[in-house]
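[1] sequence first, then the predicted structure, then my questions.
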Amino acid sequence: MKTTYRDFHSVDFDACLALFDSNVPTYFSEVERQDFIDFLLDLPGPYLVVKDSKGEIVACGGFAFVQESHSADLCWGMVEQTHHKRGLGLALLNARLERIRQHPAITHVNLNTCQKTEAFFKRVGFVTQQVTKDGFAPGLHRHDMTLSL
């Protein structure tokens with residue numbers, strides 16, 4: 001599948017919200033929806049959208065720099081549910097990491113994810129630092145993970 005990446009624009013809001021909704025309840029909880037809306041309305045850093053060959057947004061994700069700790073936090077990465085297992089998540093992750101690596105002062109990348117995607121991030125080198133049972137919602141445990149650059 002041919003894809004293109006670009007920075008988020010306000011016209012992408014509804015498409016990104018639809019991506020979120022496609023991943024409820026498996027990867028996100030409905031109670032997180034307002035947090036995602038608030039995030040999109042006040043982005044703390046770069047946020048990318050991925051378009052397929054038809055021009056439809058099929059994935060999105062971003063990051064924010066935390067200068068005082070020489071780190072970057074991955075923010076709200078997701079792939080439209082019907083497009084899972086096609087390599088889009090890995091491609092989006094690599095695009096974000098590539099941008100982060102352009103900043104030599106950044107020494108590590110942090111993220112929090114649920115237990116259902118922990119193995120995906122472990123395969124690329126993230127290490128689980130802490131697990132909080134039901135940290136996102138009942139049945140969605142929060143896994144705080146770090147990748148050293």
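    Received, thanks.
[2] the residue lying closest to F39 once chain neighbours are set aside is in what secondary structure piece?
    Ranked by Cβ to Cβ, 6 or more residues apart in numbering and with sequence neighbours excluded, the top spatial neighbour of F39 is W76, at 5.8 Å. Every residue, glycine included, has its C-beta placed from N, CA and C. Under DSSP states H and E, the secondary-structure element containing W76 is strand 71-79.
[3] what's near enough to touch the most centrally placed residue in the chain?
    In the chain, the C-alpha closest to the average C-alpha coordinate belongs to G77, at a distance of 1.7 Å (Cα atoms, centre = their mean). With contacts defined as Cβ atoms under 8 Å, 6 or more residues apart in numbering, the neighbours of G77 are A59, C60, G61, G62, G89, L92, L93, R96, L111.
[4] quick one on the thing from earlier: so how far is A105 from the residue nearest to F39?
    Separation of W76 from A105 (Cβ to Cβ, to the nearest Å): 23 Å.
[5] neighbour count: those two, which is higher?
    Comparing W76 with A105 by neighbour count (other Cβ atoms under 10 Å), the higher total belongs to W76, at 19 against 8.
[6] ranges for the helices of the protein?
    Counting by DSSP state H, one finds helices in the chain at the ranges 13-22, 33-41, 88-101, 118-123.
[7] of those, which approaches P138 most closely?
    Closest to P138 of the helices of the chain is helix 33-41 (Cβ to Cβ; 15.7 Å).
[8] check the offset of the closest one from the chain's centre.
    Averaging C-alpha coordinates over helix 33-41 and over its chain gives two centres that are 13 Å apart (Cα atoms, centre = their mean, to the nearest Å).
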